[in-house]
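> Following is a predicted model, sequence given first.
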Amino acid sequence: MVERTGRRHADRFRPFQCPLKPGCHAVPAVHSIEAELLELRDAGVLEESAAARALAVERREIFSVATELQVALYGSVALVIAGVGILVKEHLDRIGPLTLTLVLALIGAACYVPAIRRRKLHAPRSSASDYLLLLGALILSADLGFAEVQFHLLGRDWSRHLLILAVAHAITAYALDSRLVLSAALASLAGWFGIQRGPWNGLDWHFATPELGLRAMACALGTLGWREFDRHARDRGFSEVFEHFAAHLAFWGAVGWCWGNDPRPTGMIELLPLAGVVSVLTLAAASIGWALHSRKEAFAVYGVVYAAVGSSGVAAKLSGYHPLSSAVALLLIALMAAAALRRLHDALKSNP
Amino acid sequence: MSFRPTPEEERWLSAARQLGPHVHADFVAERSGDWRTAGLLSRCGFFVLGLIAAAAIAALSSLLITGSDLVLGGLLCIGAAEILILDRRFFWSGIEEALEATGLALMGFQCWERFGSRAGAICCTVAFALAAWRLLNPLFPVLAALWFVWTFDASHLQSGLLCFAVALGALGAGARQIRRPSYDRMLDYLVVAMPVAGYLWSEPSSGWDAAGTDYWHATLSAWLVPICPLAFAAIALFTGTRRRTRAPILAGMLCVACGAYELRRLSGLSLEARLIIWGSLLLLTSAFLERYLRVPRRGITSRPIGDDAVETNLLSAAGAAALTPHGSPTGPSPSIEGRGGGFAGGGASGKF
């Protein structure tokens, strides 16, 4: 099954010396598209710097393990925070609430130190200190939630601790320029709005309630407002995080409405799915418009796929879940969506 | 009319995908046979739409033609996919992959229904192998390999060992210079997926709530369950570092995680202690490696090469948001925001 490279082709692969460490061993021959890169460079259609970088990667002269380390760092943060969660739950009686709160606060604060030190030195932060900072933020989140449960600091307004966390994480994100902590701030904000379920529960019937959809849209609107403030006040390159977060939240809300059951049906048409399909199509138009404006293909994909999923729910509902009508509607929606996505993809690809 | 991209065309498609906006699209289009591909996000979107369309086609065929089975629906899906490939020159676009694979899977499933599980498993193996050969998609050889292992109807341990053997074979085959990039990617997927499948197969009782094997009092054959992934991890990490290829390193990391999970009872520590200790050790090791490799060692570096991919940034932001506690503590009665949920985040659903 494997097609071996012919001798003629193999001859085009120059033997190389590792420039980074003289005398280092050549890397065993593996799959490479070096020949194509050389042709591109020689034809002048590939910038010299990009060609040099791509060739170095193809020849394995340089090999980055940045992604693998990030995965390991993320895994380590997930393990530690899960352990802390269980520790808080299981050993409260033995340790005591005040001691536990203080110890967690100290550990959380200690995690901030490397990032603050790098900031003071005006040095670029490593991935490790970025993830350590995230761990600190997560420990402080757990700590504040635990303190709220134990000491009832906010009384009936207990949910405000999520808003406090959102503000605290936002200040940290801006002060230390961290996208990861900004994501934590946005998740806390969503929690304060009452959105607790992940996307995998989007089709859960309990998710598709008028209130939750409205909260998701309100949170998306708040996130977009924050993005505008961020852009005008102090652009830190966080816009993309805000945009994707807002897009998903708004679409989950609208798609939830499309698939949900109106608790108070009025006549033949249920209002909730109707509001859902109008919202999802409006959001899709806005998302696609933004994709074409900003040349960000992801928003075109969101617009088309979410619109198709939402419309499918409403079409199935309108047909009374009749198998034949539902299947025809599904097929038509899928074909129209695929054609629209193809056109958008081509348009975004052809006009750089 | 070409049946699928030639190796040369496929190499150019790979080069274009790798270089992204750095390369002139027209130059590559002339050499890649005008095949129309899609980026990762669009491909996922098309795949979802293709699945919806395939489901609708299958439902329609069985509803409209009385007495017909899934074979007709499968044939129609394959026909639609072939039209897209041969006429519209779609390749690696997602929609034709979803249609063709679903069509073949439907036919395999029909064989299962008619001829029993063993013949059905053979049919599914053949179906996914055909899909892999036709679409050059690396996901399908993995599915074919898993069905292939299933056909032997062997014991859990034997099936697990067979998976490891397939992974070792793929790891060995990856040393050869392969002309088609897709074949190389297929081997990569097998190297990553098969050892994990092998571990899961050999230890069917593994689950988060499973007590785990007491290895202090276990037989030699029971030790094979953790030894196999750990041994494979050692081989894969050595091979990946030597060849400077990503898949064996990722496979090695996953196998270490499998081995560590399997040996969880060995230390005698509580779950939270294990999570915190091993998570902290992983964090420290990753931080050390990142620091050590900041200056490239034999060409290996912890610094990212080139611009960060949009997908990577989004994944890390989404991952951080997923870890953030955003549920409500179950203390005082909720006022308006949020309800239910668990406290402490990080996967912990502790309730106080």
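Noted; the coordinates are in hand.
> hey, let's count contacts and neighbours off CA atoms from now on
OK.
> Is the residue of the stretch 101-250 of chain A found nearest chain B in a helix, a strand, or coil?
Of all residues in the stretch 101-250 of chain A, residue A:194 sits closest to chain B, at 3.7 Å by CA to the nearest CA. Of the three states, residue A:194 takes coil under DSSP: H, G, I helix; E, B strand; the rest coil.
> wait, doesn't it sit right on residue A:211?
No: at 9.4 Å, residue A:194 does not count as touching residue A:211 under the criterion of CA atoms under 8 Å.
> between the two, which one's more packed in?
More crowded of residue A:194 and residue A:211, by other CA atoms under 10 Å in any protein chain shown: residue A:194, with 24 against 13.
> And the more buried one, what's its pLDDT?
Here, the pLDDT recorded for residue A:194 equals 84.
> And residue B:113, by the same measure?
Confidence score, pLDDT, at residue B:113: 84.
> again with residue A:215
For residue A:215, the model assigns a pLDDT of 89.
> outside of the strand or helix carrying it, which residues touch it?
Per DSSP states H and E, residue A:215 falls inside helix A:210-233. With contact meaning CA atoms under 8 Å, 6 or more residues apart in numbering or on different chains, helix A:210-233 is reached by A:186, A:189-190, A:193-195, A:207, A:236, A:238-239, A:242-243, A:245-247, A:249-250, A:252-254, A:256-257, A:262, A:272.
> Now which of those residues would you call buried?
A:186, A:189-190, A:193-195, A:207, A:238-239, A:242-243, A:245-247, A:249-250, A:252-254, A:256-257, A:262, A:272 (16 or more other CA atoms under 10 Å in any protein chain shown).
> Which members of the residues you listed occur in helices, if any?
Using DSSP state H, the members of these that fall in helices are A:186, A:189-190, A:239, A:242-243, A:245-247, A:249-250, A:252-254, A:256-257, A:272.
> show me which of the residues you listed neighbour chain B.
Among those, the residues within reach of chain B (CA under 8 Å from any CA of the partner chain) are A:186, A:190.
> show me the contacts for residue A:308.
A:333, A:334, A:337, B:49.
> before we move on, what about residue B:256?
B:229, B:230, B:233.
> so which of those residues is the most crowded?
Busiest of the contacts of residue B:256 [other CA under 10 Å] is residue B:229, holding 28 neighbours.
> For my notes, confirm that residue occurs in a helix.
Yes: checked against three-state DSSP, residue B:229 lies within a helix.
> leaving aside the residues next to it on the chain, what's closest to it?
residue B:255 (4.9 Å; CA to CA, 6 or more residues apart in numbering or on different chains).
> thought the one you found was touching residue B:232?
Yes: counting by CA under 8 Å, residue B:232 is a contact partner of residue B:255 at 7.1 Å.
> residues shared between the contacts of these two?
residue B:195.
> The two: who's more crowded?
residue B:255 (28 against 22).
> what about the helices in chain A?
A:7-11, A:34-43, A:48-58, A:66-90, A:92-95, A:97-120, A:127-151, A:160-176, A:179-192, A:210-233, A:239-259, A:271-294, A:297-318, A:323-350.
> which of those sits most buried?
Of those, the one with the most neighbours on average (mean count of other CA atoms under 10 Å in any protein chain shown) is helix A:179-192, at a mean of 28.
> Listing request: residues of the stretch 151-300 of chain B with sub-threshold pLDDT.
B:204-211 (pLDDT under 70).
> let's see it at 50
The model of the stretch 151-300 of chain B has no residue with pLDDT under 50.
> Can you name the residues that contact residue A:312?
With CA under 8 Å, 6+ apart, residue A:312 has these contacts: A:329, A:330, A:333.
> and if we set it to 6 Å?
Contact analysis of residue A:312 by CA atoms under 6 Å, 6 or more residues apart in numbering or on different chains lists residue A:330.
> So which residues make contact with the helix or strand that contains residue B:102?
Using DSSP H and E, residue B:102 sits in helix B:95-115. Helix B:95-115 has contacts (CA under 6 Å, 6+ apart) with B:46-47, B:50-51, B:54, B:70-71, B:74, B:77-78, B:81, B:120, B:123-124, B:127, B:131.
> do the same with stretch B:305-321
So stretch B:305-321 is contacted by A:180, A:183, A:184, A:187 (CA under 6 Å, 6+ apart).
> quick one: which of the contacts of residue A:308 is nearest to residue A:104?
The nearest member of those to residue A:104, counting by CA to CA, is residue B:49 at 46.6 Å.
> check whether stretch B:5-18 contacts chain A.
No: applying CA under 6 Å from any CA of the partner chain, one finds stretch B:5-18 separated from chain A by no less than 6.6 Å.
> mind saving the C-alpha coords of that stretch as PDB?
The C-alpha trace of stretch B:5-18 is given here as PDB (Å, rounded to 0.1, in the frame of the first residue of the first chain):
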ATOM      1  CA  PRO B   5      -5.600  13.000  -6.500                       C
ATOM      2  CA  THR B   6      -2.400  11.500  -7.800                       C
ATOM      3  CA  PRO B   7       0.500  11.400  -5.300                       C
ATOM      4  CA  GLU B   8       2.000  14.500  -6.900                       C
ATOM      5  CA  GLU B   9      -1.300  16.400  -6.700                       C
ATOM      6  CA  GLU B  10      -1.800  15.300  -3.100                       C
ATOM      7  CA  ARG B  11       1.700  16.500  -2.200                       C
ATOM      8  CA  TRP B  12       0.800  19.900  -3.600                       C
ATOM      9  CA  LEU B  13      -2.500  20.000  -1.700                       C
ATOM     10  CA  SER B  14      -0.600  19.200   1.500                       C
ATOM     11  CA  ALA B  15       2.000  21.900   0.800                       C
ATOM     12  CA  ALA B  16      -0.800  24.400   0.300                       C
ATOM     13  CA  ARG B  17      -2.500  23.400   3.500                       C
ATOM     14  CA  GLN B  18       0.800  23.600   5.400                       C
END
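> Now do the end-to-end distance for stretch B:241-248.
Terminal residues of stretch B:241-248 are spaced 8 Å apart (CA to CA, to the nearest Å).
> Likewise for stretch B:290-305?
Termini of stretch B:290-305 sit 14 Å apart (CA to CA).
> ok, and for it, which residues are buried?
For stretch B:290-305, the neighbour count (16+ other CA under 10 Å) marks B:290, B:291, B:293, B:294, B:296, B:298, B:299, B:300, B:301, B:302, B:303 as buried.
> hang on, the earlier thing: check the contacts of stretch B:305-321 against chain B, which are close?
With the criterion set as CA under 6 Å from any CA, the members of the contacts of stretch B:305-321 near chain B are A:180, A:183, A:184, A:187.
> Mind picking the two most distant members of those residues?
A:180 and A:187 (10.7 Å).
> picking that back up, JSON lines for the ones next to chain B among the contacts of stretch B:305-321, including pLDDT?
Formatted as JSON lines, these follow (pLDDT from 0 to 100):
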{"residue": "A:180", "pLDDT": "93"}
{"residue": "A:183", "pLDDT": "94"}
{"residue": "A:184", "pLDDT": "94"}
{"residue": "A:187", "pLDDT": "92"}
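> how about residue B:290, what does it touch?
Neighbouring residues of residue B:290 by CA under 6 Å, 6+ apart: residue B:302.
> in what helix or strand does it lie?
helix B:271-292.
> Run the chain-centre distance for that helix.
How far helix B:271-292 lies from its chain's middle: 25 Å, per CA atoms, centre = their mean, to the nearest Å.
> repeat for stretch B:22-33
The answer for stretch B:22-33 is 29 Å, by CA atoms, centre = their mean.
> ok, back up a step: lowest-confidence entry in the contacts of helix B:95-115?
residue B:70 (82).
> and the stretch 51-200 of chain B, which of its residues are near chain A?
Looking at chain A, the residues of the stretch 51-200 of chain B close enough under CA under 6 Å from any CA are B:53, B:56, B:175, B:176, B:177, B:178, B:179.
> I'd guessed the second one sits against residue A:327; true?
Meaning residue B:56. Yes: with contact defined as CA atoms under 6 Å, residue B:56 reaches residue A:327; the gap is 4.8 Å.
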